[in-house]
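Chemist: Task: produce atomic coordinates for the following.
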Amino acid sequence: MFESAHSLKGAQFGPAANLHGHTYKVEAVVGGSKLSDDGVLCNIVEVKSALDRAMQTLHYKVLDQVQELSGINTTAEQMARYFFSKIASGIREKGAAEYLRVTVWENQSNFASFKDKI
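Modeler: The predicted structure is shown next:
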């Protein structure tokens, strides 16, 4: 989890267009059709570490002011894709995982996922 603030661009977001904060939760799920010789899809400790590092760079930041997110409307969907991009290459290089799904929760009822092959 990490704490950040942001504002969404676009009239359709109503009051969320104003600066507001979330306690974000991020989940990474790997999948595949076969396991490696040691019986895993990937090293989950490495996945967790990569995700933790990516979240830590955004902790207590205003997402609208983070250089790497410049020009991105920081919706839950966009943030899921951002975290996917941060951890996919490390998973791709090792193990047998075929896809990665990242889900970002802004709260208990607002969340989105990004899933793709790795």
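Chemist: Please make it C-alpha for all contacts and neighbour counts, starting now.
Modeler: OK.
Chemist: Run through the neighbouring helices and strands of the helix ranked longest in the chain.
Modeler: Taking DSSP state H as the criterion, the chain has its longest helix at helix 76-92. Under the contact definition 3 or more CA pairs under 8 Å, 6 or more residues apart in numbering; DSSP states H and E, helix 76-92 sits against helix 44-56, strand 99-105, strand 111-117.
Chemist: Could you list the buried residues of the longest one?
Modeler: I take that to be helix 44-56. 47, 50, 51, 54, 55 (16 or more other CA atoms under 10 Å).
Chemist: how far away is the residue nearest the centre of the chain from residue 100?
Modeler: Central residue of the chain (CA atoms, centre = their mean): residue 83, 3.1 Å from the mean position. Between residue 83 and residue 100 the computed distance is 11 Å (CA to CA, to the nearest Å).
Chemist: can you check residue 32 too?
Modeler: 9 Å.
Chemist: swap in residue 67?
Modeler: Distance from residue 67 to residue 100, by CA to CA: 25 Å.
Chemist: Residue 90 now?
Modeler: 11 Å.
Chemist: Looking at those two, which one has more neighbours?
Modeler: Neighbour comparison, residue 90 and residue 100: the larger count goes to residue 100, with 20 against 16 (by other CA atoms under 10 Å).
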